[in-house]
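A.B. asks: Sequence and predicted structure below; questions after.
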Amino acid sequence: MKVVLAGGTGFIGEYLANKFKDSGYEVIVISRKNPYFSWDNKLGLIKAVEGAELLINLAGKSVNCRYNEANKKEIMNSRVKTTTLLGEAVQACDNPPSLWINSSTATIYRHAEDRPMTEAEGDIGTGFSVDVGTKWEETFFSYELPKTRQVALRIAIVLGKDGGVITPYKNLVKFGLGGNQGTGNQMFSWIHIEDLYQIILFLQEKQSLSGIFNCASPEPVSNHELMRTLRETMRVPFGLPAPKWILEFGSVMIKTETELVLKSRWVVPDRLEREGYTFRFKALEKTLQDIL
């Protein structure tokens, strides 16, 4: 039983690696960091994925940066190139993985405050982040792999202990800055990291499933609800709001983009629920109690 985690040294990758190891799997990690399998060794990549039960690709430069030309190029290339290298490695295998799960992003949909976005009826948006998602998926599905099922997960913002976005949100609340961000009406689609792992197991077991799946809790909340629930969970009585102009100024100071908090991501897991997946963490309140 072998699982290959490409880009498996980050917050999500380390969580998945530990869970699979605890379940008795051999876990192979592909990364630019030592001592893991290197992206630069094509023969090594083939050896890594040969005979794997499951290949999961999480690789890509973090979007938590300024969208200057150099960063935009690296964000795009880091996703397209790694997906291409994996596609070529799978094609070269005598015994390829039976399932390849590739990351995508829930940001692929438009800014939505009017209705939720499903796989079948969601509107693809415009702009750089959307271009990254569409090119990523296009590259992934360009490979015809008769022995390998292909699943793209449009992953919402992942919440878990000691990593991801929860740390900066905790700090905002802790220092009294946990009010609305912008209007507070923008939707916040999220998923508990344990549900992300369980969804992978669910898709591994359901061998008839392939294609695109929204990977988000069925109960998204507004930014206003998010910040209020954070304050209540952390027992902080008040939080100053942050108007858009303050966020624009602050994002320059900390070298990030306001899109990460101001875009309304209203994404729901229509296909997963119709196929029978049951979420462990549906409600934000329960999720934050578990994490914090």
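C.D. replies: Sure, I can see it. Since this is a predicted model, take the numbers as computed values, not measurements. Numbers count the residues shown, from 1 in each chain.
A.B. asks: so what does the helix or strand where Phe249 lies touch, helix or strand wise?
C.D. replies: Phe249 is part of helix 244-253, with elements assigned from DSSP states H and E. If contacts are counted by 3 or more CB pairs under 8 Å, 6 or more residues apart in numbering; DSSP states H and E, helix 244-253 sits against helix 259-262. In short, each C-beta sits where N, CA and C put it, glycine included.
A.B. asks: contacts for the helix it packs on?
C.D. replies: Contacts of helix 259-262 with the rest of the structure, by CB atoms under 8 Å, 6 or more residues apart in numbering, involve Val63, Asn64, Ser129, Gln181, Gly182, Gln186, Asn223, Lys244, Leu247.
A.B. asks: Okay, buried residues for that helix please.
C.D. replies: Leu260, Val261, Leu262 (16 or more other CB atoms under 10 Å).
A.B. asks: Tell me which helix or strand comes right after that helix.
C.D. replies: The C-terminal neighbour of helix 259-262 among helices and strands, as given by DSSP H and E, is helix 270-274.
A.B. asks: Give the rounded mean pLDDT of that following helix.
C.D. replies: Over the span of helix 270-274, the pLDDT mean works out to 98.
A.B. asks: And for stretch 5-21?
C.D. replies: Stretch 5-21 carries an average pLDDT of 96.
A.B. asks: List the buried residues in that stretch.
C.D. replies: Neighbour counts using 16+ other CB under 10 Å place 5-13, 15-17, 19-20 of stretch 5-21 among the buried residues.
A.B. asks: among the residues you listed, which are in helices?
C.D. replies: Among these, the residues falling in helices (DSSP state H) are Phe11, Ile12, Gly13, Tyr15, Leu16, Ala17, Lys19, Phe20.
A.B. asks: Redo those as JSON lines? Include distance to Thr229.
C.D. replies: Converted to JSON lines, those look like this (distance: CB to CB, whole Å):
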{"residue": "Phe11", "distance to Thr229": "21"}
{"residue": "Ile12", "distance to Thr229": "22"}
{"residue": "Gly13", "distance to Thr229": "27"}
{"residue": "Tyr15", "distance to Thr229": "22"}
{"residue": "Leu16", "distance to Thr229": "26"}
{"residue": "Ala17", "distance to Thr229": "30"}
{"residue": "Lys19", "distance to Thr229": "26"}
{"residue": "Phe20", "distance to Thr229": "31"}
